[in-house]
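Sharing a sequence plus its predicted fold:
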Amino acid sequence: MPHAVVLFSGGLDSSLAVRIMQEQGWQVEALHIRLPFDPSWSLMASCAAELGVPLTTLSVEDDYMEIIRRPRFGYGRGMNPCIDCRIYMCRMAKRRMEQTGASLVVSGELLGQRPSSQKRRDLELIEIYSGLEGRLLRPLSAKLLKPTLPEQEGLLDRDRLYDFRGRTRRPLLELAQKLGIPSIPTPSPGCRLTDLSFVPRVRDLLEHDPEATRADFELLNFGRHIRLDSHHKVVLGRNASDNHAIRTLAEQYRPARWTLLEPENFTGPLAVLIGPPTEEALQRPAHLVARYGDCDAQGKVQVLSPGGQIQQTLSVSKPPADEPLPRPC
């Protein structure tokens, strides 16, 4: 039985790609590649289980951050390096294809659906630069594109592939019903790098932290981000979920440039100071922890390493109620 690796987001397009390959008797492995700004990676397991396919989840490596800094093929309307990103993911899928003995990488991309990465020339560039010439199938638009090698070899029936194009969703929903997809995935919120309200955070990071790591990029997803000066930024959790996510990132990556600040005797946000933790620099995030927390007149804030070791305790006072809130970046 021929084997394909399907780039899997859990959305409608990639679910259809899986089912189309199954309909032609192919063994399918769903490959989800987790990006730093991935909004829906936790939903993959249930989606793959409903389709009856094994799921492999891989995270991008640190070299992915260079794509965000300097994309070869430029950005979309935000800070989204869509073509470079697809090339990167297809290269990862190619390695998985070779490791598992598969003969094809399959993508749910649809000709003309996304203006930043799915024009005909874009799809050709992705195939060429990923090293997947003849081995990258887009079954939803395959009849509008060049035949892949498995089609030419008779392993795939081209007549049972499709010629969808553009952004309309109705024909895809009808196909999902026809192919018996158990539950129709809701549209994804999409990549956060296309969100113009999120883009200033990314630009601020790239401008002030040229050596930012994957932890710094993942941290952009959580909390309030406040630029203190050209060498320091503070991030404050907005709720318990943010606090948990920030602590998890700190424990996972142990970034050398991070210092955690946590209220000791009052309820408030967990904060991260990014930059040299001088005594002067620590006072501002400690003050912000008190400002956004339920601090009384004699508050205390613990200064912690990324691993959670207490380094010192700072005294803070309750800020005036009319003190202006700092402007986030």
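Right, received. Where do you want to start? All values reported here derive from a predicted model rather than from experimental measurement. Residues are numbered from 1 along each chain as shown.

who's in contact with His287?
His287 makes contact with 316, 319 under the criterion C-beta atoms under 8 Å, 6 or more residues apart in numbering. Bear in mind the C-beta positions are built from the backbone N, C-alpha and C, glycine included.

Glu98 - how many residues pack around it?
When neighbours are counted by other C-beta atoms under 10 Å, Glu98 registers 10.

can you check Arg327 too?
Neighbours of Arg327 (other C-beta under 10 Å): 7.

which residue sits closest to it in space, ignoring its chain neighbours?
Ile226 (7.6 Å; C-beta to C-beta, 6 or more residues apart in numbering).

The one you found contacts Val234, correct?
Yes: using C-beta atoms under 8 Å, Ile226 makes contact with Val234 at a distance of 5.1 Å.

Can you check my assumption that the residue nearest to Arg327 lies in a helix?
No: applying DSSP: H, G, I helix; E, B strand; the rest coil, one finds Ile226 to be strand, outside a helix.

and the gap between it and Pro139?
Distance, Ile226 to Pro139, by C-beta to C-beta, to the nearest Å: 46 Å.

ok so, going back, which one's more surrounded, Ile226 and Val234?
Neighbour count, other C-beta under 10 Å: between Ile226 and Val234, Val234 has more, with 26 against 19.

Just list what the helix or strand that the more buried one is a member of packs against, helices and strands only.
In the assignment (DSSP states H and E), Val234 maps to strand 232-236. Packing partners of strand 232-236 (3 or more C-beta pairs under 8 Å, 6 or more residues apart in numbering; DSSP states H and E): strand 224-229, strand 271-274, helix 279-292.

Could I get the average pLDDT for stretch 159-178?
Mean per-residue pLDDT for stretch 159-178: 94.

what do you get for stretch 285-305?
Taken as a whole, stretch 285-305 has a mean pLDDT of 92.

For the residue nearest to His3 when sequence neighbours are not counted, pull up the helix or strand it's in.
Computed as C-beta to C-beta, 6+ apart, the closest residue to His3 that is not its neighbour in sequence is Ala102, at 4.1 Å. According to DSSP H and E, Ala102 maps onto no helix or strand at all.

which residues touch Ala102?
Applying C-beta under 8 Å, 6+ apart, we find Ala102 in contact with 3-5, 29, 96.

And the pLDDT for it?
pLDDT, the model's per-residue confidence, is 98 for Ala102.

Got phi/psi on it?
Backbone geometry at Ala102, expressed as degrees, to the nearest 10, gives phi -70, psi 160.

so where's the stretch 1-150 of the chain shaky on pLDDT?
Scanning the stretch 1-150 of the chain with the threshold set as pLDDT under 70 gives 39-42, 116-117.

mind listing the strands in the stretch 101-250 of the chain by residue range?
104-106, 136-137, 224-229, 232-236 (DSSP state E, counting those that start in this stretch).

So what touches the first one?
For strand 104-106, contacts defined as C-beta under 8 Å, 6+ apart pick out 2-7, 17-18, 21, 26, 28, 90, 93-94, 97, 132, 135-139, 148, 150.

Same question for the second one.
Strand 136-137 has contacts (C-beta under 8 Å, 6+ apart) with 4, 90, 104-107, 126-127, 130, 148, 150-151, 156, 161.

and what of the longest one?
Strand 224-229 is touched from outside by 201, 204, 208, 233-236, 238, 275, 281, 284-285, 288, 292, 326-329, with contacts defined as C-beta under 8 Å, 6+ apart.

Around Leu206, how many other residues sit close by?
Neighbours of Leu206 under the rule other C-beta under 10 Å: 16.

just the one 10 residues further on next, same as before
Other residues near Asp216 number 22, with proximity taken as other C-beta under 10 Å.
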